[in-house]
Structures are given as C-alpha cells and as structure tokens.
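> no sequence for this one, just the structure:
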Ligand SMILES: Nc1ncnc2c1ncn2[C@@H]1O[C@H](COP(=O)(O)OP(=O)(O)OP(=O)(O)O)[C@@H](O)[C@H]1O
Ligand SMILES: [Mg+2]
C-alpha cells in the first residue's frame, strides 16, 4: 500500500484500488505513481480488476494516464474490470468514454 | 497565422448587473508550481463557496471543482511569467455560471490554445477525446491536452478565448479564457 498525500493505491493479487483525490501535475507523474499497476498488467496471467469507486477526483492528466493503462491492457489482451461509483460525477461521465478504447473493458457499478 | 482576437464558441454576452454572485481571485502561478496541491485546494474552495446556489450541493461542488481545477492548473502551467499575477473569476447569472481566467502566455501556447478551441468549436467532443488519447499515446507521451476537451464532453462547457497583444513584447500575449456552464448541467453532474 502506498499513500501519497491525498490518494491511496492498494495492490491486490488480481488488481488494485485507487481512492482519494488524484490531481498530479503531468502524465509522467502518474506514470511513476502507477508503475505498479503497469507492471501488473504487463505480467497478468488472468483478468484484473481496478477499483476506482473511492476516487473522488482525477484530473485530465490522470484521465490520460488511465487511458494508457487501458491501452496497455488492450495491447496485452488483459480482461480489465473497472469498479465505479455512479454518484461520483467524473466517473459517471468520463469512464464510459474511456471504455470505448477497449471492448474487453467492463465497467461495473459498486 | 494571426493569433489575436476572439476564438472558440460564441458565448451569450452577460450583463454584470445580472450577477447573482461573483468572486475574483488574483494569485501568483509560482505558488501553484511550488505546491501543486494548491490548484486543487483553490478549486475546492471556490466550488464550496458556490455550491449553496444548487439543490444537489454535493454534485454541484464536484462539477465546479473539476472545471475550476483544470483552468487553475492551466494558469500554473501556461503562464509565461510565474511571478506575474493571474486571475480566476466566477460569476453566477442564474441559468449560466461562468469561469474566466486571465494570464499572459508565450506564442506557442497561444497558438496551441487557438488551434484547440477552433477545432473544438466544430468537432464532436467525444470524437476529439478519443482522438487526443490515441494521439498522445502514440506520438507525444509527455503530453495530455485533454482538459478543455473533457470539460466540453462531460458537461457541455462552452469555451471562448480573447487574445490581445502585450505592448513591447511580440512573443507574449494576454489570454482571457471564458468557460460557460449551464446551471442544469452542474446540478445534474
Ligand atoms: N491559460 C492558458 N494560457 C495559454 N495557453 C493555454 C491556457 N490554457 C490552455 N492553453 C493551451 O491549450 C492547450 C490545451 O489545454 P488543456 O487544458 O486541454 O490541455 P493540457 O493542460 O495541456 O493537458 P491536461 O489538461 O490534460 O493536463 C494547452 O496544452 C496549452 O497549450
Ligand atoms: Mg489543462
């Protein structure tokens, strides 16, 4: 588990949970913060689950970073399920558009 | 390419006398650069100041904070002189709420902003969103360039900029960026 001020990243065997507020300065900053999730996708032997339901805010550089994770899963044909909370505005609005990048990505409401 | 003048969506002119509320803050970008979290704090503060206008306060605060945070981050990143004051102003007109930022920026940023707003005024934001993500993933991995597109896509924000010359400096321009949100869109989230 790592805590960087306002957000929290917890790794599980079959995925990760991101919660709090994530508004980092650039895609590069997200690349370092989410390196462990990149590694999980690259090494995945089965489906992965990314739980974002507790992520109150993610800025647009973070959306870009998240799209890179989705594209990485696409490249490695990893089945990815993203857990969302539809009460959180950005999740309801932005994540369905991101899902269009990869047909094997499933959004699941918490 | 001429950089000066108005670009983007045509916003309905609002009479300042019709404002239900208004708040303008001036700050130095350097403070945001030194402590990046100040962008988020400022956005959250402004959002919580204005949330009382809305029935679904929690939702409205999320939407307002999301929009303001993107514009404030842009002030931090794209102001030419980080020690020169920039401003952010929020006005509530009843059916529409507007955010206006002012800063000075270099030619390259102004050209990029103009090109972006021109394209956004005529292209479906959902399409631009996917195009921008594929573009940066394959050709420009340090870039994001998604903030303004995303605000239009998710909340129907209308965006317009006015570019003016800075006297005695042909490489710098004064940027007034305006973003207008329907109050209904803020309320719905
Ligand atoms: N206040 C501003 N002054 C000058 N140029 C700006 C300003 N805001 C945006 N721009 C220009 O418009 C481009 C698009 O802005 P946008 O916020 O969409 O993307 P970004 O800030 O580069 O990336 P992201 O918001 O996804 O982190 C910027 O890259 C910059 O060149
Ligand atoms: Mg931005």
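Everything's here; your move. Given the structure is predicted, the values throughout are model-derived calculations rather than measurements. Ligands and ions are numbered 1, 2, ... in the order given.

> use CA for all of it now, contacts and neighbours both
OK.

> May I have the strands that pair with the longest strand along chain A, each with its orientation?
Longest strand of chain A, by residue count under DSSP state E: strand A:15-22. Here strand A:15-22 is paired, per DSSP bridges, with strand A:7-12 (antiparallel), strand A:48-51 (parallel), strand A:55-58 (parallel).

> Now render these as JSON lines, adding distance to residue B:123 and mean pLDDT.
Shown next, in JSON lines, are these (distance: least, C-alpha to C-alpha, whole Å; pLDDT from 0 to 100):
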{"stretch": "strand A:7-12", "distance to residue B:123": "34", "mean pLDDT": "97"}
{"stretch": "strand A:48-51", "distance to residue B:123": "31", "mean pLDDT": "98"}
{"stretch": "strand A:55-58", "distance to residue B:123": "25", "mean pLDDT": "98"}
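
> Residue B:50 - how many residues pack around it?
Applying other C-alpha atoms under 10 Å in any protein chain shown, we find 22 other residues in the vicinity of residue B:50.

> Name the nearest residue to it, sequence neighbours excluded.
Spatial nearest neighbour of residue B:50, excluding adjacent residues (C-alpha to C-alpha, 6 or more residues apart in numbering or on different chains): residue B:61 at 7.7 Å.

> what about the one you found, neighbour count?
Using other C-alpha under 10 Å, residue B:61 has 25 neighbouring residues.

> before we move on, what about residue B:5?
Residues lying near residue B:5 (other C-alpha under 10 Å) number 12.

> May I have the beta-bridge partners of it?
Beta-bridge partners, per DSSP bridges, of residue B:5: residue B:163.

> Distance from the chain centre to stretch A:99-110, please.
Counting by C-alpha atoms, centre = their mean, to the nearest Å, stretch A:99-110 is centred 11 Å from the centre of its parent chain.

> count of residues packed around residue 11?
Defaulting to chain A. Residue A:11 has 15 neighbouring residues, counting by other C-alpha under 10 Å.

> not quite, I wanted chain B
13.

> Kindly report the same for the one 5 residues further on.
When neighbours are counted by other C-alpha under 10 Å, residue B:16 registers 12.

> what's near enough to touch the spatially closest residue to residue A:7 that is not a sequence neighbour?
Excluding the flanking residues, the one nearest residue A:7 by C-alpha to C-alpha, 6+ apart is residue A:20, at 4.3 Å. Taking C-alpha atoms under 8 Å, 6 or more residues apart in numbering or on different chains as the criterion, residue A:20 is in contact with A:6, A:7, A:8, A:54, A:55, A:56, A:57.

> circling back to that earlier point, what's downstream of the longest strand of chain A, the next helix or strand?
Moving toward the C-terminus from strand A:15-22, the next helix or strand (DSSP states H and E) is helix A:27-33.

> per-residue confidence averaged over the next helix-or-strand element following that following helix?
Following helix A:27-33 in sequence order, the next helix or strand is helix A:35-43 (DSSP H and E). Mean pLDDT, helix A:35-43: 98.
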